[in-house]
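Chemist: Based on what follows, work out the 3D shape:
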Amino acid sequence: MLYFLLFVFVSYFFIFSVFIVYWLINPETKLTNQDIEAISIVIPFKNEQNNLPDFFQSIINQQVSKAKYELIFVDDNSDDDSYNLVKTFIKNLPNAYLIKNLGEGKKQAVITGVSFAHYDWILQTDADCMPNPFWIETVYTKTTNAADLWILPVLISQNRKTLFSVFEKLEFISLQASSAAAALCGCPLMANAANLLYKKNLLLNNIEDYRLSIPSGDDVFLLHIAKRKAKVDYLKNVNALVYTKPNHNIKDFVKQRLRWGAKAKYYRDTFTIILTILVYLTNLLTPVLFFLFLFAFYPLITGLLFFAKFLVDFILLFSFALYFSEHKLMKNYVIVWILYPFYIILVGTLSIFTNVNWKK
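Modeler: Coordinates of the predicted model:
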């Protein structure tokens with residue numbers, strides 16, 4: 001038992017310590033030799049009439065001086081007023097298009113939009129997001145052909161003070177921090193389709209690996225394609241940030257995380273599988289470790305392992321949150337950290353039996 005605990009927690013501590021080092025030693029992404037001709041921004045949407053006005057405003061607010069781009073809205077069979085809202089919005093925009101999904105589901109909507117795109121680079125986002133005012137300009141001027149897929153930052157936009165809201169935001173920051181650090185150390189782990197830049201042919205030449213039979217996962221399966229056949233990087237820049245809206249309640253939050261977790265059983269990337277299992281085991285054993293310490297089972301070792309996990313989690317989250325000016329949330333770190341293992345156990349276990357779907 002003790003040796004197993006040592007193996008799991010030391011492995012976790014080592015990997016996440018490496019993540020911390022790479023996050024800290026990598027400076028903000030600077031403009032070098034920008035060689036992207038233009039960007040096609042693809043926005044798949046379905047029943048987003050309540051979110052589209054905020055997205056439209058964020059596009060209107062874009063501060064663009066150099067960037068050449070087009071907007072491609074792809075309607076995935078919406079049955080609300082989304083299509084008409086987009087149609088009205090793009091009426092006076094010179095390089096904006098509204099097209100219908102040629103298939104069904106988000107992945108088919110993405111493929112439809114990417115196939116329609118006139119440029120070689122695709123900037124993908126969602127209709128419920130709100131990009132930073134310098135988003136387009138930053139992505140255009142700070143990314144190069146040095147990578148075929150760029151993971152871009154995403155955060156939750158909300159200022160509510162409830163425990164649930166704080167937990168959701170810090171949990172999302174933990175995912176983003178791990179994603180960013182892993183990419184920076186050359187072992188990309190996750191991506192988020194709310195903010196993703198990639199070469200058009202990376203998708204179109206590898207559709208068979210896009211796992212069309214699985215409705216969701218357009219981001220992670222494209223990332224796995226890029227890991228095998230191309231190069232992946234992370235754009236570390238505050239102005240490349242996109243905000244996504246929080247879930248309305250705990251039920252919606254859990255359902256979303258179950259959908260995300262359900263994709264894990266379809267992973268083929270070895271590092272992602274290993275780390276997913278390691279994170280699950282570490283959180284499963286964290287309460288066990290605490291009780292072993294209380295009952296004086298090798299208290300020095302179990303106490304050190306418990307503290308080491310607490311510390312490495314804190315440093316990674318704090319350094320990432322500080323960079324994006326979200327560090328005030330860390331005053332709630334202790335309570336969130338205590339709840340987190342039980343959340344991981346619940347979601348990780350239930351997601352095994354959950355089907356993956358996009359929107360009804």
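Chemist: In terms of helix, strand or coil, where does the residue located most distally from the centre of the chain fall?
Modeler: Taking CA atoms, centre = their mean, the residue of the chain most remote from its mean C-alpha position is Ala296, at 40.1 Å. When classified by DSSP: H, G, I helix; E, B strand; the rest coil, Ala296 comes out as coil.
Chemist: any idea how far Pro341 is from it?
Modeler: Ala296 sits 21 Å away from Pro341, going by CB to CB, to the nearest Å. Placement of C-beta: from N, CA and C, glycine included.
Chemist: just Gln256 next, same as before
Modeler: Gln256 sits 20 Å away from Pro341, going by CB to CB.
Chemist: ok, now Thr29?
Modeler: 34 Å.
Chemist: again, but for Ile90
Modeler: Distance from Ile90 to Pro341, by CB to CB: 47 Å.
Chemist: Name the spans of the stretch 251-360 of the chain whose pLDDT lies under the cut-off.
Modeler: Residues of the stretch 251-360 of the chain meeting the criterion pLDDT under 70: 355-360.
Chemist: can you give me the helices in it?
Modeler: Assigned helices in the stretch 251-360 of the chain, in chain order: 270-294, 299-323, 333-350 (criterion: DSSP state H, counting those that start in this stretch).
Chemist: I'd like to know which of these is closest to Gln49.
Modeler: Taking CB to CB, helix 333-350 is the member of these nearest to Gln49, at 29.4 Å.
Chemist: what sits up against the closest one?
Modeler: Contact with helix 333-350 is made by 163, 166-167, 170-171, 254, 257-258, 261, 279-280, 283-284, 286-287, 310, 313-314, 317-318, as judged by CB atoms under 8 Å, 6 or more residues apart in numbering.
Chemist: are any of these buried, and which?
Modeler: Buried members of the contacts of helix 333-350, scored by 16 or more other CB atoms under 10 Å, are 166-167, 170-171, 257-258, 261, 279-280, 283-284, 286, 313, 317-318.
Chemist: now stretch 57-67: mean pLDDT?
Modeler: The predicted model assigns stretch 57-67 a mean pLDDT of 89.
Chemist: Now do the end-to-end distance for it.
Modeler: Stretch 57-67 has an end-to-end distance of 18 Å (CA to CA, to the nearest Å).
Chemist: Off-centre distance for it?
Modeler: 23 Å (CA atoms, centre = their mean, to the nearest Å).
Chemist: Check stretch 72-85 too.
Modeler: 24 Å.
Chemist: returning to what we had before: go through the buried ones among the contacts of helix 333-350 and name the one nearest Lys200.
Modeler: Gly261 (29.8 Å).
Chemist: any idea how far the closest residue to the closest one other than its chain neighbours is from Asn206?
Modeler: For Gly261, ignoring the flanking residues on the chain, the nearest one in space by CB to CB, 6 or more residues apart in numbering is Ser351 at 2.9 Å. Shown here: Ser351 relative to Asn206, a distance of 26 Å by CB to CB.
Chemist: For this protein, which segments are assigned as strands?
Modeler: Along the chain, counting by DSSP state E, strands occupy 39-45, 69-75, 96-100, 121-124, 129-131, 149-151, 154-156, 196-199, 232-234, 242-244.
Chemist: can you redo those as TSV with distance to Ile274 and mean neighbour count?
Modeler: TSV is the format used below for those (distance: least, CB to CB, whole Å; neighbours: other CB atoms under 10 Å):
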stretch	distance to Ile274	mean neighbour count
strand 39-45	31	25
strand 69-75	35	22
strand 96-100	40	16
strand 121-124	27	26
strand 129-131	31	23
strand 149-151	19	27
strand 154-156	24	21
strand 196-199	23	23
strand 232-234	18	22
strand 242-244	28	21
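Chemist: Before I go, just wanted to say thanks for your time.
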